[in-house]
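In: Pasting a predicted model and its sequence here:
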Amino acid sequence: MTRKIPSKFLGVDGEYHPFQSFLGVDGKYHPKGYFLGVDGKYHPAGSFLGSGGTYRRKGEFLGADGKYHPQGQFIGSDGSYHPLDSFLGSDGKYHPKGAFLGSDGNYHLCGSFLGSDGKYHLPGSFLGSDGKYHPSGSFIGVNGYVEPEGLSKEEVRNQRNVTA
């Protein structure tokens, strides 16, 4: 017989909390791996006290511009920080890894394709029965195609040939 290990426990506050969380000096429960900082607040493991007395996320670094940046960024020829995998395109702008120069002279996300309408579309987009392109996950609703929130915004941005 296998014994099931509980995933939550009843705390002194009468509420259930995730297993291995702990009661802090502030009287609240915190997830495993958090620590009490010199500011009297709890922070995730790996956080560090940065300049200005604020705690920063693990892996961040203080750039030459005096701001903190996520790990894996570099200073581009434009003086700004960019993700490590990005590249400088022929248009003088930085683009994400895998972006390509389309026949329209603009950069597009990897996997985008040129549709029969002459515009580039996001990966997974499809030509609907209404003759328009729709993002992956769209479906035919009562009043025509319904696009999941968020994807439709990306599709509009892509059709306007605006890259990240």
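Out: That came through fine.

In: what about Ser7, neighbour count?
Out: 9 (other C-beta atoms under 10 Å). Where you see a C-beta, it was placed from the backbone N, CA and C, and this is true even at glycine.

In: Now do the contacts for the nearest residue to it once chain neighbours are set aside.
Out: With C-beta to C-beta, 6 or more residues apart in numbering as the criterion, Ser7 has its nearest non-adjacent residue at 5.5 Å, and that residue is Phe19. Residues in contact with Phe19 (C-beta atoms under 8 Å, 6 or more residues apart in numbering) are Ile5, Pro6, Ser7, Lys8, Phe9.

In: Could you double-check that Asp13 sits in contact with Gly24?
Out: No. Here Asp13 lies out of contact with Gly24, judged by C-beta atoms under 8 Å, at a distance of 11.8 Å.

In: Which one of these two is surrounded by more residues?
Out: Neighbour tally, Asp13 and Gly24, criterion other C-beta under 10 Å: the higher count belongs to Gly24, 14 against 11.

In: And the more buried one, how close does it get to Ser47?
Out: 15 Å (C-beta to C-beta, to the nearest Å).

In: Asp26 too?
Out: 17 Å.

In: Who has more neighbours out of those two?
Out: Ser47 (17 against 11).

In: Contact partners for the more buried one?
Out: With C-beta under 8 Å, 6+ apart, Ser47 has these contacts: Phe35, Gly37, Tyr55, Arg56, Arg57, Lys58.

In: Now it. Its backbone dihedrals?
Out: Phi and psi for Ser47, reported as degrees, to the nearest 10, are phi -70, psi 160.
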